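Participant: Just need the structure, nothing else, for what follows:
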Amino acid sequence: MKRSQINEIIHQADVFMKSFGFLLPPFARWSPEKMKQIQPKGIIDARLGWDITDYGVGKFDEMGLFLFTLRNGSAQDLKNGTGMLYAEKIMISRQNQLSPLHRHITKTEDIINRGGGTLVLELFMSDKEGGIDKDRQVRVPCDGEMRSLSAGGLLKLEPGESVTLVPGVWHAFWAENSDVLIGEVSTVNDDLNDNIFARPIGRFSNIEEDTKPSHLLVSDYHQWLK
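Facilitator: Here you go, the predicted model:
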């Protein structure tokens, strides 16, 4: 992705979130220069902030996702069973934009349709080796009620509805009818190690620096904040 495209996506996402009354924390406004000056350890270590991915494929409109990590505990807290054991993200899935099939090793997450169109999830269970079980029925809790689907079935969430996905549940998702604002509440999030994709793709984008960043992405921190 080009940096100019990322800057524009950030601007568009900010407008979209505000249209639903969702406001980001103050550090979301910090310039790269201010981030370098402050070197905010809590933000850097928890990988809080802007996150835009095309999964390394280079076709954001077809396969991609906007995310902003608002809060996140640590792997050590999770191991100890005490402290900040949770994470929260806000995401935007554009109409017909695929977030590809993947599962998590550790993370349990609630995926919440916060507004816009219909959020569609394709779901599979894992087989004994952790691969995709194309025969096993899927059962997931949705706002306190269990729903059952055939393998690869499509779960459709209208605004206000949510689903809980435990480790091992394969899921892909996209927005139908209109863009969707998505909330994610989960156990500690580790995007560097806890995403298993069905296809050989990456979690983060390859960036062409055709202009200066308006804001740093979490994937920029290791390079820009030294």
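Participant: Report how many residues lie close to the nearest residue to Glu209 once chain neighbours are set aside.
Facilitator: Here the nearest residue to Glu209 in space, its sequence neighbours aside, is Arg3; by C-beta to C-beta, 6 or more residues apart in numbering that works out to 5.2 Å. Where C-beta positions appear, they are placed from N, C-alpha and C, glycine not excepted. Under the neighbour criterion other C-beta atoms under 10 Å, Arg3 is assigned a count of 17.
Participant: quick one, phi psi at Arg3?
Facilitator: Taking degrees, to the nearest 10, you get phi -60, psi -30 for the backbone angles of Arg3.
Participant: Phe27 is in contact with Ala46, isn't it?
Facilitator: No - proximity of Phe27 to Ala46 does not meet the contact threshold set by C-beta atoms under 8 Å, at 11.3 Å.
Participant: If the spatially most central residue of the chain is in a bridge, with which residues?
Facilitator: Against the mean C-alpha coordinate of the chain, by C-alpha atoms, centre = their mean, the closest residue is Leu67 at 5.1 Å. According to DSSP bridges, Asp51, Met91 are recorded as the beta-bridge partners of Leu67.
Participant: re the thing from before, list the contacts of the residue nearest to Glu209.
Facilitator: Taking C-beta atoms under 8 Å, 6 or more residues apart in numbering as the contact definition, Arg3 lies against 207-213.
Participant: wait, doesn't the residue nearest to the centre of the chain sit right on Ser93?
Facilitator: No - with contact taken as C-beta under 8 Å, Leu67 and Ser93 are classed as non-touching, separated by 10.0 Å.
Participant: out of the contacts of Arg3, who's nearest Met146?
Facilitator: Closest approach between the contacts of Arg3 and Met146, by C-beta to C-beta: Ile207, at 41.8 Å.
Participant: Next one: the closest one from Arg29, what distance?
Facilitator: For Ile207, the distance to Arg29 under the criterion C-beta to C-beta, to the nearest Å works out to 21 Å.
Participant: Specify which residue of the two has the higher count of neighbours.
Facilitator: Ile207 (18 against 10).
Participant: Pull the contacting residues for that one.
Facilitator: Taking C-beta under 8 Å, 6+ apart, we find Ile207 in contact with 1-3, 6, 219-220.
Participant: Filter those residues down to the buried ones, PyMOL style.
Facilitator: The PyMOL selection below is limited to those of the contacts of Ile207 classed as buried (16 or more other C-beta atoms under 10 Å):
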select buried, resi 1+3+6+219+220
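Participant: tally of neighbours for the spatially closest residue to Ser31 that is not a sequence neighbour?
Facilitator: Distances taken as C-beta to C-beta, 6+ apart place His215 nearest to Ser31, at 7.2 Å, with adjacent residues excluded. When neighbours are counted by other C-beta under 10 Å, His215 registers 20.
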